[in-house]
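A.B. asks: sharing a model that was predicted from the sequence below.
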Amino acid sequence: MSRAAKITLACTTIMSAGIVAFVHYAQQAEKAAMHAGVIRDIEQQRIKKERLADLQMQQALEKEYRKIQSVSSGGATAAAEDYGSVR
């Protein structure tokens with residue numbers, strides 16, 4: 001083999017190995033990013049379930065308190081208007 005052919009072979013071999021290594025690294029990075037997205041989605045679903053459970057608990061408490069106490073709808077509006085005038 002001539003010297004030019006050896007250099008060409010070495011360069012193409014090194015270039016091919018570099019491309020394979022880069023593609024492998026890119027696939028691993030993409031896989032990690034996708035996994036992080038799944039973890040984030042699971043966490044968001046967990047938080048949503050917690051908030052829904054809190055809301056349902058608060059609604060049940062409100063319903064129970066409304067049975068015990070008499071609440072007038074005008075009181076909340078008046079309190080809001082008083083708050084607005086204090087500012």
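C.D. replies: In hand now; what should we look at?
A.B. asks: ok, the most centrally placed residue in the chain - contacts?
C.D. replies: By CA atoms, centre = their mean, the chain has its centre lying nearest to residue 40, at 4.1 Å. Listed by CB atoms under 8 Å, 6 or more residues apart in numbering, residue 40 has no contact partners. All C-beta atoms are positioned from the backbone trio N, CA, C, and that covers glycine.
A.B. asks: what about it, helix or strand, and which?
C.D. replies: Assessed by DSSP states H and E, residue 40 sits inside helix 3-68.
A.B. asks: mean confidence for that helix?
C.D. replies: The average pLDDT for helix 3-68 rounds to 96.
A.B. asks: what's the offset of that helix from the middle of its chain?
C.D. replies: Taking CA atoms, centre = their mean, to the nearest Å, the mean C-alpha location of helix 3-68 is offset from the chain mean by 9 Å.
A.B. asks: next, count neighbours for residue 3.
C.D. replies: Other residues lying near residue 3 total 7 when counted by other CB atoms under 10 Å.
A.B. asks: that one and residue 9: what is the separation?
C.D. replies: 11 Å (CB to CB, to the nearest Å).
A.B. asks: could you do residue 48 as well?
C.D. replies: Taking CB to CB, one finds residue 48 at 58 Å from residue 9.
A.B. asks: next: residue 16.
C.D. replies: According to CB to CB, residue 16 and residue 9 sit 11 Å apart.
A.B. asks: repeat for residue 26
C.D. replies: In this view, residue 26 and residue 9 are 26 Å apart by CB to CB.
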